[in-house]
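In: the sequence and its predicted three-dimensional model are supplied below.
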Amino acid sequence: MLQIAFIRENQEKVITALAKRNIDATSVVEEVVQLDERRRATQVELDNILSESNKLSKDIGELMKAGEKAKAAILKEKTVLNKEKSKALAETADALAAALLEKLYTLPNLPADIVPVGKTPEENLNVFEEGEIPVLHEGAQPHWELVKKYDIIDFELGVKIAGAGFPVYKGKGARLQRALINYFLDKNTAAGYNEVQVPHMVNEASAYGTGQLPDKEGQMYHDKTDDLYLIPTAEVPVTNLFRDVILNENELPVLTTAYTPCFRREAGSYGAHVRGLNRLHQFDKVEIVRVEHPDKSYEALDVMVEHVKSIMRELKLPYRILRLCGGDMSFASALTYDFEVFSTAQDRWLEISSVSNFETFQANRLKLRFKDKDGKNQLAHTLNGSSLALPRVLAGILENYQTPEGIVIPEVLRPYCGFEIID
């Protein structure tokens, strides 16, 4: 959430920055400023009346001590009127604060200066590419055919149990999935990230805290009875570990990693581009989250990008990194780098990771702060990255490592799998 003081003092800057997201925020910014002015004016009036009431209480006490009951009675009548006024003003101030917050929730984060202008994924900027694209043998197949051939993932069974987008992993497919999870967690903990296990459902406050609500409400599975949401990513519960927390500056940075299943409705998704593992309602992902000092968050973002690079190099998969344009960034992000693996059998790039800096956007919602050297509370910066999302990594391995004899397991995963080939 953008800070109201920043919006008030930088209205044109906010409007210009959000235009990079292809959003005309003029009217919303004007409404926010007007609501804030009314709220502050109401609060000043309320404070004055409360101050006057306090003074009247003291004066009444002194008059009663002096035996001047008639004068005291007159002042008491005034305190009754002030009480009624203050109650009405407090209700107005609360209503204005709620309306202001609702408006603030509709404004996405401001893109960083280096975010490219653009409306579609085609306008994202390719900033890095590495790895040799393998030349596959004649008759090579996409992963949805390979998993049938080797009986390692069953999409039809998933449909029977839950519906489309809920695959069943079997045999070596299940073991490879588990191997990837363990490998990713080991890489992350070796890099200094503290592993946690978190709930797979969150309350409304948590979903608001990281920016999933109200923006992504239609994409989240919601249990209305208990008012809980299935998590779309581990970012939500992990980042909310620090909601309403004030850290000491010397505790920064805080590095956390977690494996969770993720749940996304993906309403309206259909077609060849979502076939097989390309788009699921339930999938596994290992996440990294950082809480950083504002002065060091972009340096930390670069470190996170290099960390994901090291994983891709060890898996020996061809990949590229895109700096997302304003129109393709998530609601809460200030800057995002997407990693994509090249699927040789599909002849297309598949997104496997997003690494983002949210600056103070999430921290403002979460009230996540740290005490600086002067003892003042400052908002921290939050960052997160997929390290990694499994379905498309798995698709990339199955397709790029296929041979006429079977699917060769990447060397780095063999100790985790306990086998070298799926045949």
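Out: Alright, I've got the coordinates. In this text the structure is predicted, and so the values were computed from the model without any measurement. Numbering: from 1, shown residues only.
In: how about the contacts made by the residue most central in space within the chain?
Out: Nearest to the geometric centre of the chain sits Thr210, at 5.0 Å (CA atoms, centre = their mean). Contacts for Thr210 (CB atoms under 8 Å, 6 or more residues apart in numbering) come out as Glu235, Val236, Thr239, Asn240, Ala332, Gln362, Arg365, Leu366. For glycine as for every other residue, the C-beta is placed from the backbone atoms N, C-alpha and C.
In: over to Thr360?
Out: Neighbouring residues of Thr360 by CB under 8 Å, 6+ apart: Gln3, Pro294, Leu379, Ala380, His381.
In: my read: Gly385 touches Asn357, true?
Out: No: the criterion here is CB atoms under 8 Å, and Gly385 misses it with Asn357 at 9.8 Å.
In: list only those of the contacts of Thr360 flagged as buried.
Out: Buried residues within those, defined by neighbour count using 16 or more other CB atoms under 10 Å: Pro294, Leu379, Ala380, His381.
In: contacts only, for the third one.
Out: This points to Ala380. Phe242, Leu247, Leu252, Val291, Glu292, His293, Pro294, Thr360, Ala363, Leu368, Arg369, Phe370.
In: quick one: it and Val291, what's the gap?
Out: 5 Å (CB to CB, to the nearest Å).
In: need the residues touching each of those two.
Out: Phe242, Leu247, Leu252, Leu368.
In: highest neighbour count among those residues?
Out: Leu368 (25 neighbours; other CB atoms under 10 Å).
In: so what's Glu235 closest to, chain neighbours aside?
Out: Spatial nearest neighbour of Glu235, chain neighbours left out: Asn384 (4.5 Å); criterion: CB to CB, 6 or more residues apart in numbering.
In: parallel or antiparallel, list what pairs with the helix or strand hosting the one you found.
Out: Following DSSP states H and E, one finds Asn384 within strand 381-389. Applying DSSP bridges, strand 381-389 is found paired with strand 282-292 (antiparallel), strand 348-359 (antiparallel).
In: hmm, back to that, shouldn't the residue nearest to Glu235 be in contact with Asn240?
Out: No: using CB under 8 Å, Asn384 makes no contact with Asn240, being 11.9 Å away.
In: where does the prediction get shaky in the stretch 301-423 of the chain?
Out: Under the criterion pLDDT under 70, no range of the stretch 301-423 of the chain is flagged.
In: per-residue pLDDT, His79?
Out: One correction, residue 79 is Thr, not His. Listed pLDDT for Thr79 reads 84.
In: what's the first helix or strand after the strand holding Asn384?
Out: helix 390-400.
In: what angle do strand 381-389 and that following helix make with each other?
Out: Helix 390-400 runs at 40 degrees relative to strand 381-389, counting by axes from the mean of the first three to the mean of the last three CA atoms, to 10 degrees.
In: longest single helix anywhere in this protein?
Out: helix 26-65 (DSSP state H).
In: helices or strands up against it?
Out: Contact here means 3 or more CB pairs under 8 Å, 6 or more residues apart in numbering; DSSP states H and E; on that basis helix 26-65 packs against helix 4-9, helix 11-19, helix 69-104.
In: how near is the residue of the chain most remote from its centre to Gly61?
Out: Note on the chain: the largest C-alpha distance from the chain mean falls to Gly67, namely 65.2 Å (CA atoms, centre = their mean). According to CB to CB, Gly67 and Gly61 sit 12 Å apart.
In: Leu247 falls within a strand, correct?
Out: Yes: under DSSP: H, G, I helix; E, B strand; the rest coil, Leu247 falls within a strand.
In: mind starting the numbering at 46 from now?
Out: Okay, residue one is now 46; in that scheme the one you just asked about reads as Leu292.
In: give me the nearest residue to it, chain neighbours excluded.
Out: In space, and not counting its chain neighbours, Leu292 is closest to Phe415: 4.3 Å by CB to CB, 6+ apart.
In: any idea how far Thr284 is from the one you found?
Out: The spacing between Phe415 and Thr284, counted by CB to CB, is 15 Å.
In: compare those two and say which is more crowded by neighbours.
Out: Thr284 (29 against 24).
In: just the element for that one, please.
Out: helix 280-285.
In: so which elements touch that helix?
Out: Against helix 280-285 (3+ CB pairs under 8 Å, 6+ apart) you get strand 246-248, helix 249-254, strand 299-308, strand 327-337, helix 406-411, strand 426-434.
In: dump the residue contacts of Val457.
Out: Contacts for Val457 (CB under 8 Å, 6+ apart) come out as Tyr228, Glu359, Leu360.
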